[in-house]
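Student: For reference, the sequence and a predicted model appear below.
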Amino acid sequence: MSRKKAERNGASLPRAVQLPLAERRLLLAFGDLIAVNAAVLIALRIWSIVGRRVFGWPFILSQAHWFVILSVLWFMLARANDFYDLAISSNWLHSQIRLAQITLQLLIVYLTIFFLSPRDALPRLFILYYAVASYLLIALWRLSRPLLINWAPLRQRVLIVGVGWAAQAIIEAIEQHAPDDYEVVGIVDEAAPLRSDEVIVETDVVGYGADLARIARELHASEVILATSGNIDGALFQAIMDCYELGIPIKPMPLVYERLTGMVPVEYVRGHWNLVLPLEGSSPFDPYPILKRLMDITLSLIGLAIFALLLPLIALAITVDSPGPVFYTQERVGRAGRVFKLVKLRTMVPDAESKEGPRWATERDPRVTRVGRFLRKSRLDEIPQLFNVLKGEMSLIGPRPERPYFVERLQQTIPFYRTRLSVRPGLTGWAQVNYGYGNSEEDALNKLKYDLYYIRHRSLLLDGLILLRTIGRVVRLQGT
């Protein structure tokens with residue numbers, strides 16, 4: 001759009017106070033929590049009518065535990081199914097499909113516990129009343145969301161500074177992940193001397209950097225994203241300060257990109273190494289490493305105990321389908337570049353790489369056996385790596401360990417690839433729950449973006465979220 005057209009489109013729009021994306025997610029979760037507890041109350045009311053009980057405070061208080069249990073279970077399943085992902089929550093149809101999956105999973109969990117419990121220990125039809133009520137209430141809440149506090153009619157009006165790769169990347173991220181939350185009202189040329197091959201965004205340019213404050217005011221921009229290709233000159237810096245004094249938030253492109261996609265934009269970082277390293281250095285008073293190691297040991301022991309019960313049946317299936325060993329070991333690169341032996345269930349034919357040597361596994365790899373394909377989809381083949389977790393060579397959560405041959409290649413072609421080796425590799429990770437099957441250097445680059453995000457933001461909360469999403473993928477047989 002031309003500059004005059006942009007001014008006409010924006011001049012009549014009022015400035016409005018809008019919630020940041022993090023607060024919008026909290027509002028969504030708060031509405032879901034109200035809907036879940038209202039559904040429990042409705043289910044209790046129906047239960048009292050069917051069971052001819054007196055519905056009042058004594059009855060409600062006697063069943064108060066259901067408010068806590070079902071709220072916790074709801075948020076665990078919602079997290080496992082990415083129900084608060086921007087790309088899903090902004091699309092009503094997609095969110096309803098995901099809501100139906102969550103409701104079905106909740107019924108399965110309850111019925112499983114119901115049939116394993118003593119007779120009459122749990123109510124029978126109560127969960128059905130709750131499931132129907134919660135689905136309808138949450139669906140209505142998600143449908144009414146655009147009517148709340150200027151949510152959709154007044155999206156964040158974003159002005160982007162820059163015309164290079166970074167500007168194009170943030171525009172694509174907005175279109176893919178948050179089209180209902182952001183509106184790009186214009187592009188401002190930074191007026192820096194760029195080579196012709198560096199200029200990618202040529203449309204929607206509404207002015208130059210020195211005029212940023214005036215353009216932002218005329219277009220009623222609610223946020224400015226800096227996607228410059230190099231150093232900021234004096235005129236642009238002054239214009240940025242003018243915007244700041246007008247109360248317009250100034251956000252660097254890498255941070256907005258991280259918030260929208262859960263990835264670090266490696267291509268844009270270039271020499272800015274501080275953007276790919278952890279936000280804070282390690283501290284002897286930080287409880288996270290100790291708590292994470294305790295979680296690794298506890299969950300590994302539980303997982304291996306369950307695996308021991310399943311192993312005879314799995315071993316028989318592997319051997320009958322493809323004669324050969326049940327387990328196999330492979331060298332992988334761990335923390336600080338140390339090589340260790342990773343243990344897995346065998347999913348390929350014996351000596352799969354004896355002829356061609358190391359190569360990327362493909363999604364429909366002919367070397368994978370029939371049983372191996374199921375083991376990969378269900379991720380059962382990864383369970384023996386819990387031995388590596390107990391030994392301290394791996395963690396439950398972290399970047400997936402790669403083979404030395406590929407690490408050497410990728411370090412030469414992908415910037416900052418070695419940063420992955422600053423933490424213990426994991427049984428599952430942020431890249432695994434956000435990205436599909438990878439079998440190329442381009443896929444390795446995309447996964448690195450997710451791994452760097454995890455390294456910068458790792459915490460027990462993020463680890464818990466990854467575990468829940470991993471469980472969701474296992475249930476849907478979306479393993480790789």
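Tutor: Noted; the coordinates are in hand. Numbering: from 1, shown residues only.

Student: Not counting sequence-adjacent ones, nearest residue to residue 370?
Tutor: Nearest residue to residue 370, sequence neighbours excluded (C-beta to C-beta, 6 or more residues apart in numbering): residue 321, at 5.5 Å. Every residue, glycine included, has its C-beta placed from N, CA and C.

Student: From residue 375, how far off is that neighbour?
Tutor: Between residue 321 and residue 375 the distance is 10 Å, computed by C-beta to C-beta, to the nearest Å.

Student: which of these two has more neighbours?
Tutor: Set residue 321 next to residue 375 and count neighbours by other C-beta atoms under 10 Å: residue 375 wins out with 23 against 15.

Student: What is the one helix or strand the more buried one maps to packed up against?
Tutor: Residue 375 belongs to helix 370-378 when elements are defined using DSSP states H and E. Using 3 or more C-beta pairs under 8 Å, 6 or more residues apart in numbering; DSSP states H and E as the contact definition, the elements that helix 370-378 packs against are helix 288-321.

Student: okay, the angle between the helix it packs on and helix 370-378?
Tutor: Helix 288-321 runs at 160 degrees relative to helix 370-378, counting by axes from the mean of the first three to the mean of the last three C-alpha atoms, to 10 degrees.

Student: so what secondary structure elements neighbour helix 288-321?
Tutor: When contacts are defined as 3+ C-beta pairs under 8 Å, 6+ apart, helix 288-321 sits against helix 370-378, helix 386-390, strand 395-397, helix 460-475.

Student: just checking, residue 143 touches residue 92?
Tutor: Yes. Applying C-beta atoms under 8 Å, one finds residue 143 in contact with residue 92, separated by 6.2 Å.

Student: Check what pLDDT the residue nearest to residue 370 gets.
Tutor: Taken from the predicted model, the pLDDT recorded for residue 321 is 90.

Student: try residue 375
Tutor: Looking at residue 375, its pLDDT reads 90.

Student: ok, and the closest non-adjacent residue to it?
Tutor: Spatially, and ignoring its direct neighbours in sequence, residue 375 is nearest to residue 381 (4.0 Å; C-beta to C-beta, 6+ apart).

Student: cool, residue 365 as well?
Tutor: Distances taken as C-beta to C-beta, 6+ apart place residue 348 nearest to residue 365, at 7.5 Å, with adjacent residues excluded.

Student: Look up how far residue 432 lies from the one you found.
Tutor: Using C-beta to C-beta, which is the criterion applied here, residue 348 is 20 Å from residue 432.

Student: Give me the more crowded residue out of those two.
Tutor: The residue with more neighbours, out of residue 348 and residue 432, is residue 432; 26 against 20, by other C-beta under 10 Å.

Student: so which helix or strand takes in that one?
Tutor: Element membership of residue 432, judged by DSSP H and E, is helix 430-434.

Student: and if you look at residue 364?
Tutor: Taking DSSP H and E as the definition, residue 364 sits outside all helices and strands.

Student: Can you report how many residues lie near it?
Tutor: Should you count by other C-beta under 10 Å, residue 364 turns out to have 7 residues around it.

Student: Dead centre of the chain: give me the residue that sits there.
Tutor: The central residue of the chain, meaning the one whose C-alpha is nearest the mean C-alpha position (C-alpha atoms, centre = their mean), is residue 434 at 5.3 Å.

Student: Pull the contacting residues for that residue.
Tutor: By C-beta atoms under 8 Å, 6 or more residues apart in numbering, residue 434 lies in contact with 262, 263, 450.

Student: got JSON lines for these, with distance to residue 387 too?
Tutor: As requested, those are exported to JSON lines (distance: C-beta to C-beta, whole Å):
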{"residue": "262", "distance to residue 387": "30"}
{"residue": "263", "distance to residue 387": "31"}
{"residue": "450", "distance to residue 387": "26"}
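
Student: Just the ones of the residues you listed in strands?
Tutor: Among those, no member is found in strands (DSSP state E).

Student: Low-confidence stretches in the stretch 251-400 of the chain?
Tutor: Per-residue confidence of the stretch 251-400 of the chain (counting by pLDDT under 70) places the weak regions at 269-285, 352-363.

Student: picking that back up, so the residue nearest to residue 370 versus residue 311, what's the distance?
Tutor: Using C-beta to C-beta, we find residue 321 at a distance of 16 Å from residue 311.

Student: Give me the buried positions along the helix or strand hosting residue 97.
Tutor: Assigned by DSSP H and E, residue 97 belongs to helix 92-116. Using 16 or more other C-beta atoms under 10 Å as the test for burial, helix 92-116 gives 95, 98, 99, 101, 102, 103, 105, 106, 110.

Student: so the last one touches residue 125, yeah?
Tutor: This means residue 110. No. Under the criterion of C-beta under 8 Å, residue 110 is not in contact with residue 125, lying 11.2 Å apart.

Student: Assign a three-state SS to residue 436, would you?
Tutor: Of the three states, residue 436 takes coil according to DSSP: H, G, I helix; E, B strand; the rest coil.

Student: Run a quick neighbour tally on it.
Tutor: The burial metric for residue 436, expressed as a neighbour count using other C-beta under 10 Å, is 11.

Student: try residue 122
Tutor: The burial metric for residue 122, expressed as a neighbour count using other C-beta under 10 Å, is 15.

Student: Now do the contacts for the closest residue to it other than its chain neighbours.
Tutor: If the residues on either side of it in the chain are set aside, residue 122 comes closest to residue 114, at 5.1 Å by C-beta to C-beta, 6+ apart. Taking C-beta under 8 Å, 6+ apart as the definition of contact, the neighbours of residue 114 are 122, 124, 127.
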